[in-house]
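In: 3D model of this:
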Amino acid sequence: QVQPMESGGGSVQAGGSLRLSCTVPRSSYCEYALSWFRQAPGKEREFVAGNDSTGTTNYADSVKGRFTISQDNAKNMLYLHLQMNSVKPEDTAMYYCKKVVLMPCPPRDDWGQGTQVTVSA
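Out: Next comes the predicted model:
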C-alpha cells in the first residue's frame, strides 16, 4: 500500500491563506475516502475535514467557514486539497492526510508523513 503524500505546508501570518494538497495513487480495484487531520504539540490528533464513504463532505466546527476541501480524480491519482483561509494561531499543527480503503476491499487506514503549518500572530 502506498502512503498518501502531503505538500503545501509552511509559515503564514494570522488572517492569511495556505493550500495543502494530498496525493494518493489510484487503485484499479479499490475506492478510498480521503480526509485531513491535524495534531498540535501536546494534543491529540483531530479531524479537520474530509469526504466519507458516501461522498459527504464534513468539517470540524473549528474550521467551518474558513477551510474548504476539494477533490480531483485523475486517471492515476487522487488529489485532496485543503484551502485554509483566515488562519489563526490555533491552526498551527502538523497536518496529515488519511486514506481509508472502502469495502468491498479489505478495510485499512493509511496516513501520510504530514506537513507542518505554522501560523504567527
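In: looking at the sheet around the most centrally placed residue in the chain, what are its partners?
Out: With distances taken as CA atoms, centre = their mean, Trp36 lies nearest the centre of the chain, 2.4 Å away. In this entry, Trp36 is beta-bridged to Ala49, Cys97, by DSSP bridges.
In: Residue ranges in this protein under the pLDDT threshold?
Out: Where the chain drops to pLDDT under 70, the residues are 1.
In: re the thing from before, pretty sure the residue nearest to the centre of the chain sits against Tyr96.
Out: Yes: with contacts counted by CB atoms under 8 Å, Trp36 reaches Tyr96, the gap being 7.2 Å. To be clear about C-beta, it is placed using only N, CA and C from the backbone, and glycine gets the same treatment.
In: Count the neighbours of Ser120 for me.
Out: Ser120 has 11 neighbours, counted by other CB atoms under 10 Å.
In: residue boundaries of the strands in this structure?
Out: 5-7, 10-13, 18-25, 32-39, 46-51, 57-59, 67-73, 77-84, 93-101, 109-111, 115-120 (DSSP state E).
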